[in-house]
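In: fold the stuff below for me.
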Amino acid sequence: MVALTERALARLTMQILELADNTTAFRSLDWDRDRFDIEFALTNGTTYNSFLIEGEKVALIDTSHAKFQQLYLDTLKGKIDPATIDYLIISHTEPDHSGLVKDILELAPHAIVVGAKVAIQFLEDLIHWPFERKIVKNGDQLDLGNGHVLEFVSAPNLHWPDTIFTYDHKTQILYTCDAFGMHYCDDDTFDEKLELLEADFQTYYDCLMGPNARSVLSALKRMGDLGEIRLIATGHGPLLQHHVTELVGRYREWSQAQAKAETLSVVFYVSEYGDSDRLAQAIANGISKTGVAVELVDLRTVDTQEVRGLVDLASGIVIGMPPQSGDYAAQTHALLSTILASTHAKQAFGLFETGGGDDESVYPLRNKFQEAGIVEAFQPILIKEAPTIATYQLCTEAGTDLGQWLTRDRSIKQMKSLDGDLDKALGRISGGLYIITAQKDSASSAMLASWVAQASFEPLGISIAVAKDRAIETFMHVGDHFVLNVLAEGNYQTLMKHFLKRFPPGADRFADVKTYPAANGSPILADALAYLECEVTSRMECSDHWIVYSTVNSGRVSKVDAMTAVHHRKVGNHY
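Out: The predicted structure follows:
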């Protein structure tokens, strides 16, 4: 039986339902959340899922986001007296799942907190009072009675370093927190309508799981030893019941492709220090846009041998500066020395502060990398105040610069790969000249485009091909708004030259360019022949581009008699 509160209640609602024998799901539905950091422009909100298993002993798996404090606790109390909870299982300590741990322990002070060793260490810093704990490793079991034997699967870096899965042998339910999830909120508890979920499922994988593809494959291998998995109870979005085999298979396929990538970059950071997690994730997303594989590595969870092995494999190395003091300072400082000693001149590096206020200075390490002849792919990212969306965009662009530097030889080889006649013939497909401009809060971007076409009459729509490694791609997800500026024949050279140049990460694309704001907030170029205000409604993935379909909401022509500038190419295998 499913019970739903009224949606009108600030668009935060709770859903409670029985999944199996003595097994209950509590889903916190966040209908209107429209962003999850820079990488996620949410069009369908999100959910935070928590689960209760009642054997002879009672276990609660994860909690919820702090914004659901009263709703979640009232719903839980309607089902069970929280004081009877024997175990609180922490899949990982990210705040959107552990935000109410302190509240639960106040109501159930004798509950034993179950988690990976790293998770318990993180919680000690979060809770600040003694609590009972049980550290579990891969393969450990916990018998709740009445047949509910829980087995734990170590799944570090999916997508936090302390992640564990929990498998109930009685119900054959696997609780995976972030893995296999998606940011998707609706009344459907399960994945019946796969066609509605596929895009969000892949976007979620690309942003959160793809940068740790090797860790995904390790977790999948461990999952194979559990037996049949009837249902995957995720931490975000619908629970997977109808398409388990299909969706697990996609994780395997995507991760194998990532793991086989010719080029690898490693982003070292210290999680839960400053804003390092989100900044590292943004850099990793930027690298991924270029087809370079990425590994995100928390310096608190690796040893010297692992670091040497990763640096030896990597072509690119990014380091988020750790704190100068604290419990892990000596360990992370030693690992920085190991990274430096393991590098060689064919690699590229980048450094960023994490905004914790006690960061190691980037400059001594930067000097040592440069003295060793290692190329700096982007200028150090210095965090002097709380990160904004512009900060995350800066990190994404820096990661893309690193990836493009690492793939420069591959790009040149690709440019020379087509047959001469075919190359020239393809180049005869002409297009207009346009500037796409977009603004989100404090971040903005722009791109010169020629692969633009009207795509529909009703509604009025256009299609644009956007290369995956273009900075503006982050601004062109479903629900995003932008302006298509049409350049005029005979009056486009200045704008074309400006927007063709290579901007450093975070640079203002509109410096010294006259603009005024459109109704959707994006810049209109004053010297454009015409402009169209657009909203992205769908995207189709191609090998190296996204085909972005957008509806046109309004537009205007400044010079009725002028013609659109036309772009002619000599060859067709590069811009």
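In: list the contacts for residue 563?
Out: 488-489 (C-beta atoms under 8 Å, 6 or more residues apart in numbering). C-beta here means a position set from N, CA and C on the backbone, and glycine is covered the same way.
In: at 10 Å instead, please
Out: Applying C-beta atoms under 10 Å, 6 or more residues apart in numbering to residue 563 gives the contacts 432, 488-490, 529.
In: repeat that for residue 536.
Out: Residues near residue 536 by C-beta under 10 Å, 6+ apart: 41, 43, 438, 464, 475-482, 546, 548-551.
In: drop anything exposed from the residues you listed.
Out: Listed as buried from the contacts of residue 536 are 41, 43, 438, 464, 475-478, 480-482, 546, 548-551; burial here means 16 or more other C-beta atoms under 10 Å.
In: before we move on, the earlier item: biggest separation within the contacts of residue 563, which pair?
Out: Between any two of the contacts of residue 563, the greatest separation by C-beta to C-beta is 13.7 Å, found for 432 and 490.
In: what sits closest to residue 115 if chain neighbours are left out?
Out: Leaving aside its sequence neighbours, residue 115 sits nearest to residue 90 (C-beta to C-beta, 6 or more residues apart in numbering; 3.9 Å).
In: now that neighbour: how far from residue 60?
Out: Residue 90 is 10 Å from residue 60, where distance means C-beta to C-beta, to the nearest Å.
In: could you list the low-pLDDT ranges of the stretch 401-550 of the chain?
Out: Per-residue confidence for the stretch 401-550 of the chain (pLDDT under 70) gives these ranges: 410-419.
In: can you pull out the strands in it?
Out: Secondary structure of the stretch 401-550 of the chain by DSSP state E, counting those that start in this stretch: the strands cover 431-432, 434-440, 443-449, 452-456, 461-467, 481-486, 515-517, 523-525, 530-541, 545-557.
In: wait, which of these is closest to residue 29?
Out: By C-beta to C-beta (comparing all of the strands of the stretch 401-550 of the chain), the closest turns out to be strand 530-541, at 23.8 Å.
In: parallel or antiparallel, which strands does the closest one pair with?
Out: Within its sheet, strand 530-541 is paired with strand 481-486 (antiparallel), strand 545-557 (antiparallel), according to DSSP bridges.
In: and these: which comes nearest residue 277?
Out: If you check each of those against residue 277 by C-beta to C-beta, strand 545-557 wins as the nearest, at 26.2 Å.
In: give me the element residue 52 is part of.
Out: Residue 52 is part of strand 46-54, with elements assigned from DSSP states H and E.
In: distance of the residue nearest to residue 115 relative to residue 281?
Out: Using C-beta to C-beta, one gets 20 Å for the distance from residue 90 to residue 281.
In: next, the angle from the helix ranked longest in the chain to strand 434-440.
Out: In the chain, assigned by DSSP state H, the helix with the most residues is helix 389-406. Here helix 389-406 runs at 130 degrees with respect to strand 434-440, directions being taken by axes from the mean of the first three to the mean of the last three C-alpha atoms, to 10 degrees.
In: tell me what helix 389-406 is packed against?
Out: Taking 3 or more C-beta pairs under 10 Å, 6 or more residues apart in numbering; DSSP states H and E as the contact definition, the neighbouring helices and strands of helix 389-406 are strand 264-269, helix 276-288, strand 293-298, strand 316-320, strand 348-352, strand 375-376, strand 434-440, strand 443-449.
In: please name every helix or strand in contact with the last one.
Out: By that I understand strand 443-449. helix 389-406, strand 434-440, strand 461-467, strand 481-486, helix 493-500, strand 523-525.
In: could you dump those into JSON lines with distance to residue 136 added?
Out: Output for the helices and strands packed on strand 443-449, formatted as JSON lines (distance: least, C-beta to C-beta, whole Å):
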{"stretch": "helix 389-406", "distance to residue 136": "34"}
{"stretch": "strand 434-440", "distance to residue 136": "41"}
{"stretch": "strand 461-467", "distance to residue 136": "45"}
{"stretch": "strand 481-486", "distance to residue 136": "46"}
{"stretch": "helix 493-500", "distance to residue 136": "54"}
{"stretch": "strand 523-525", "distance to residue 136": "53"}
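In: sketch out the low-pLDDT regions of this structure for me.
Out: Along the chain, the model assigns pLDDT under 70 to residues 1-10, 34-43, 410-419, 572-575.
In: can you pull up the most central residue in it?
Out: Among the residues of the chain, the one closest to the centroid is residue 207, at 2.9 Å (C-alpha atoms, centre = their mean).
In: just to be sure, that one is in a helix?
Out: Yes. When classified by DSSP: H, G, I helix; E, B strand; the rest coil, residue 207 is found to be part of a helix.
In: ok, it touching residue 281?
Out: Yes. Distance between residue 207 and residue 281: 7.4 Å, which falls inside the contact criterion (C-beta atoms under 10 Å).
In: quick revisit: which of the contacts of residue 563 count as buried?
Out: In those, burial by neighbour count holds for 432, 488, 529, counting by 16+ other C-beta under 10 Å.
In: redo those as CSV? Include distance to residue 196.
Out: Written out in CSV, the entries for the buried ones among the contacts of residue 563 read as follows (distance: C-beta to C-beta, whole Å):
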residue, distance to residue 196
432, 34
488, 42
529, 39
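In: which residues does residue 540 bridge with?
Out: Listed beta-bridge partners, residue 540: residue 547 (assigned using DSSP bridges).
In: tell me how far it lies from residue 463.
Out: If you go by C-beta to C-beta, the gap between residue 540 and residue 463 works out to 9 Å.
In: which one of those two is surrounded by more residues?
Out: Remark: of residue 540 and residue 463, residue 463 carries more neighbours, 16 against 12, as counted by other C-beta atoms under 10 Å.
In: nearest spatial neighbour of the more buried one, chain-adjacent residues omitted?
Out: Once chain neighbours are set aside, the closest to residue 463 by C-beta to C-beta, 6+ apart is residue 455, at 4.2 Å.
In: and what of residue 375?
Out: The shortest distance from residue 375 to any residue that is not its chain neighbour, by C-beta to C-beta, 6+ apart, is 4.5 Å, and that residue is residue 348.
In: give me the number of residues near the one you found?
Out: Residues lying near residue 348 (other C-beta under 10 Å) number 22.
In: repeat that for the one 5 residues further on.
Out: Residue 353: 21 surrounding residues under other C-beta under 10 Å.
In: what does the one 5 residues further on give?
Out: The local packing of residue 358 (other C-beta under 10 Å) involves 14 other residues.
In: which residues sit in contact with it?
Out: Applying C-beta under 10 Å, 6+ apart as the definition, the contact partners of residue 358 turn out to be 273-274, 321-326, 329.
In: state the distance from residue 125 to residue 300.
Out: Applying C-beta to C-beta to residue 125 and residue 300 gives a distance of 11 Å.
In: meant to ask about residue 407, not that
Out: Applying C-beta to C-beta, one obtains 31 Å for the distance of residue 407 from residue 300.
In: show me the contacts for residue 19.
Out: Residue 19 sits next to 25, 51-53, 168, 171, 173, 189-190, 230-231, 233, 239, 241 when contact means C-beta under 10 Å, 6+ apart.
In: oh sorry, the question was meant for residue 235
Out: Residue 235 touches 46-51, 61-62, 64, 91-92, 94, 96-97, 163, 175-181, counting by C-beta under 10 Å, 6+ apart.
In: give me phi/psi at it?
Out: Geometry field for residue 235 lists phi and psi as phi -90, psi -20, criterion degrees, to the nearest 10.
In: nearest residue to it other than its sequence neighbours?
Out: residue 177 (4.0 Å).
In: that neighbour pairs with what?
Out: According to DSSP bridges, the partner residues bridging residue 177 are residue 234.
In: quick check: it touching residue 237?
Out: No. With contact defined as C-beta under 10 Å, residue 177 and residue 237 do not form a contacting pair (11.7 Å).
In: which residues are in contact with each of these two?
Out: Shared contacts of residue 177 and residue 237, counting by C-beta under 10 Å, 6+ apart, come down to residue 49.
In: tell me how this protein divides into domains.
Out: Annotated domains of the chain cover 3-257, 266-411, 420-567 [automatic domain parsing].
In: that's all I had, so thanks and see you.
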